[in-house]
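Student: Show me how the following folds:
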Amino acid sequence: MSNELPSDLVYNIIASIDDRKAEDELNELNRPPPTLAACSLVSHAWNDICRPHVFRTITIDHGVKWHSRLSFLYFTAPHLSKYIRTLRLSWDSEIHTASEWIPACLKQLENLDGLYLRSHLVPSAPAVPMPFALGVIALTAHIKRLWLETWDIVQDASDLLPLLSACSATLEKLTLRIYAVSHLGTIPQRQDFQSRRSKPVRLEALRKLELLEGFDPLPQMINIECPNLESLTVELDGGDRWKIPSWIPAGFHELNLRVAVGIDVPLLQSTHLSSLSISISHIVDHSYHPVITWIGTFLRDLPFPEHLRQLTVKIDSYSRGLVRPIYPCLAEYEELYQVLETLLQYKGITRLSLIIAITLVPGLDVCARDEEGEIAKLEKVFLHLLTSGILAADIVFQRPSGEVLGRWCIGPRHSVI
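Tutor: Numbers count the residues shown, from 1 in each chain. Presented below is the predicted three-dimensional model:
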């Protein structure tokens, strides 16, 4: 009688352990569960089943082991390349002494659908060597998700075009964080592509675009088209008043906005949004009034508010030098309700989520007895929205890393940002 489990059952066990979502695998916090590695040691049969999960996402960071990790993949274990679906690759000055076989190593990763590229080079450093650049461009062929982190670009961002052209038919999600605008860029200019750059790169499959705050903003003019864009995420932390770049079509319907209190309210022009998420960070010394004022100013300027169906407001609060969290007072909740009423009067919103996220730094403790009083304040101010099923409200406690430690909830459960 065999003591081994049926292979179908083992497949299901491993799949249940590895619950990562493909769209989140470019995030460095979304690492494989440690249990996967342990399961792969049970037997040869288990190892075969675990291998596609263990090597589905790999990270090759800059530093002293950069060459050795790529060397292992290319010379010792090339058979693992077929399992790699997501690659996180970063580099520093070692890129300028990269071995000549590295482009060939990158080109063997033929099953990639997610790619995270990060340059740790200082601004205005020389662009990466052309052989490495060609290997990177080859990586982007057929991928669905691309994240360019702390990226140097030239003034018109034309050095991005060879990367985007390679995956123009398949790219569904693009994330950009521009580190600097320089005369060199990260990817060297290709003569053959420069001759064709008057023709825009058309990203037919692109549905989600994320523009994250860097030292320099993304140029208003880039020679790309994304006619089928559905969702735009924008992260702002200062600078001049932001407006939607001209190459982004007005037809997208979902906006996720991450801002800090004090920045100028962004200009949305003629967008018709059906879904809006606002995540606003605020250092709370004694009052939530500044953040509520900012939200009110933004919502009053919202174009075509009658089209809005879903609204999420998340307030990320940070407290300094305190031993107890500061919650919104009753008057501040009433002020927020009045702000939301400007949209609710259109009677189009069917889902409203309110999240008060409190970051617990060392020395800041939560008293369990606070829950009853805080929930009571929410019920008193937002009773009509709660009983109608429109509003879901959460008070969330989290670490500075964003890890959720606990939450107090009231109302139906909606998805939250």
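Student: Hmm, residue 391 is touching residue 381, no?
Tutor: No: proximity of residue 391 to residue 381 does not meet the contact threshold set by Cβ atoms under 8 Å, at 10.2 Å. Where C-beta positions appear, they are placed from N, C-alpha and C, glycine not excepted.
Student: higher neighbour count, the two?
Tutor: residue 391 (25 against 21; other Cβ atoms under 10 Å).
Student: Phi and psi next, for the more buried one.
Tutor: Backbone torsions of residue 391, given as degrees, to the nearest 10, read phi -100, psi 130.
Student: what's it in contact with, if anything?
Tutor: 352-354, 382, 385, 411 (Cβ atoms under 8 Å, 6 or more residues apart in numbering).
Student: would you list the residues you listed in a markdown table and tack on pLDDT and neighbour count?
Tutor: Below are these laid out as a markdown table (pLDDT from 0 to 100; neighbours: other Cβ atoms under 10 Å):
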| residue | pLDDT | neighbour count |
| --- | --- | --- |
| 352 | 95 | 23 |
| 353 | 95 | 22 |
| 354 | 96 | 26 |
| 382 | 95 | 22 |
| 385 | 91 | 20 |
| 411 | 86 | 21 |
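Student: which element follows the worst-scoring helix or strand of the chain on mean pLDDT toward the C-terminus?
Tutor: Lowest on mean pLDDT, DSSP states H and E among the helices and strands of the chain sits helix 191-194, with a mean of 57. Per DSSP states H and E, the first helix or strand lying C-terminal to helix 191-194 is strand 201-202.
Student: Residues contacting that following strand, please?
Tutor: 161, 164-165, 168, 223-227.
Student: So which elements touch whatever helix or strand comes next after that strand?
Tutor: Later in the chain than strand 201-202, the nearest helix or strand by DSSP H and E is strand 208-212. When contacts are defined as 3 or more Cβ pairs under 8 Å, 6 or more residues apart in numbering; DSSP states H and E, strand 208-212 packs onto strand 173-181, strand 231-235.
Student: If you average pLDDT over each of the ones you listed, which is lowest?
Tutor: Here the lowest mean pLDDT among those goes to strand 173-181, at a mean of 88.
Student: Can you check what angle separates it from strand 231-235?
Tutor: Using axes from the mean of the first three to the mean of the last three Cα atoms, to 10 degrees, the inter-axis angle of strand 173-181 relative to strand 231-235 is 30 degrees.
Student: Starting from strand 173-181, tell me which strands it pairs with and how they run.
Tutor: strand 145-153 (parallel), strand 208-212 (parallel) (DSSP bridges).
Student: Report the two of the contacts of residue 391 separated the most.
Tutor: Comparing all pairs in the contacts of residue 391 by Cβ to Cβ, the longest separation belongs to 353 and 382, at 11.7 Å.
Student: Overlap of the contact sets of these two?
Tutor: Common neighbours of residue 353 and residue 382 (Cβ under 8 Å, 6+ apart) are 391, 393.
Student: Which residues belonging to stretch 34-41 are considered buried?
Tutor: For stretch 34-41, a neighbour-count test (16 or more other Cβ atoms under 10 Å) marks 36, 39-40 as buried.
Student: Can you tell me which of those residues end up in helices?
Tutor: 36, 39 (DSSP state H).
Student: before we move on, the earlier item: which of the strands paired with strand 173-181 is buried the deepest?
Tutor: strand 145-153 (a mean of 23; mean count of other Cβ atoms under 10 Å).
Student: Outline the domain layout of the protein.
Tutor: Domain segmentation of the chain under automatic domain parsing yields 1-54, 56-229, 232-417.
Student: tell me the mean pLDDT for the shortest one?
Tutor: Averaged across domain 1-54, pLDDT comes to 71.
Student: Who is residue 267 paired with across the strands?
Tutor: Beta-bridge pairing of residue 267 under DSSP bridges involves residue 243.
Student: hey, where'd the strands end up in the stretch 1-150 of the chain?
Tutor: 57-60, 86-91, 114-119, 145-153 (DSSP state E, counting those that start in this stretch).
Student: Using JSON lines, lay out those strands together with mean pLDDT.
Tutor: Below are those laid out as JSON lines (pLDDT from 0 to 100):
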{"stretch": "strand 57-60", "mean pLDDT": "89"}
{"stretch": "strand 86-91", "mean pLDDT": "92"}
{"stretch": "strand 114-119", "mean pLDDT": "92"}
{"stretch": "strand 145-153", "mean pLDDT": "90"}
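Student: Take those strands and write them to JSON lines, including distance to residue 243.
Tutor: Below are the strands of the stretch 1-150 of the chain laid out as JSON lines (distance: least, Cβ to Cβ, whole Å):
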{"stretch": "strand 57-60", "distance to residue 243": "36"}
{"stretch": "strand 86-91", "distance to residue 243": "31"}
{"stretch": "strand 114-119", "distance to residue 243": "27"}
{"stretch": "strand 145-153", "distance to residue 243": "19"}
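Student: who's in contact with residue 276?
Tutor: 254-255, 257, 302, 308, 310-312.
Student: quick one: which of those sit in strands?
Tutor: 254-255, 257, 310-312 (DSSP state E).
Student: Of the helices and strands packed on strand 208-212, which is nearest residue 15?
Tutor: strand 173-181 (23.3 Å).
Student: Show which residues not belonging to stretch 117-131 make contact with it.
Tutor: 62, 88-93, 95-96, 98, 100, 102-103, 133, 136, 146-152, 159, 179-180, 182-188, 215.
Student: May I have that stretch as CSV, with CA atoms only?
Tutor: C-alpha atoms of stretch 117-131 as CSV (Å, rounded to 0.1, in the frame of the first residue of the first chain):
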residue,chain,number,x,y,z
LEU,A,117,13.3,46.8,-14.1
ARG,A,118,15.1,49.1,-11.7
SER,A,119,18.2,51.2,-12.2
HIS,A,120,20.2,52.3,-9.1
LEU,A,121,22.5,54.4,-11.2
VAL,A,122,22.9,58.0,-10.2
PRO,A,123,21.1,60.6,-12.5
SER,A,124,23.0,61.5,-15.6
ALA,A,125,25.1,58.3,-15.4
PRO,A,126,26.0,56.7,-18.8
ALA,A,127,23.2,54.7,-20.3
VAL,A,128,23.4,50.9,-19.9
PRO,A,129,25.6,49.1,-22.5
MET,A,130,23.9,48.4,-25.8
PRO,A,131,24.2,44.6,-25.6
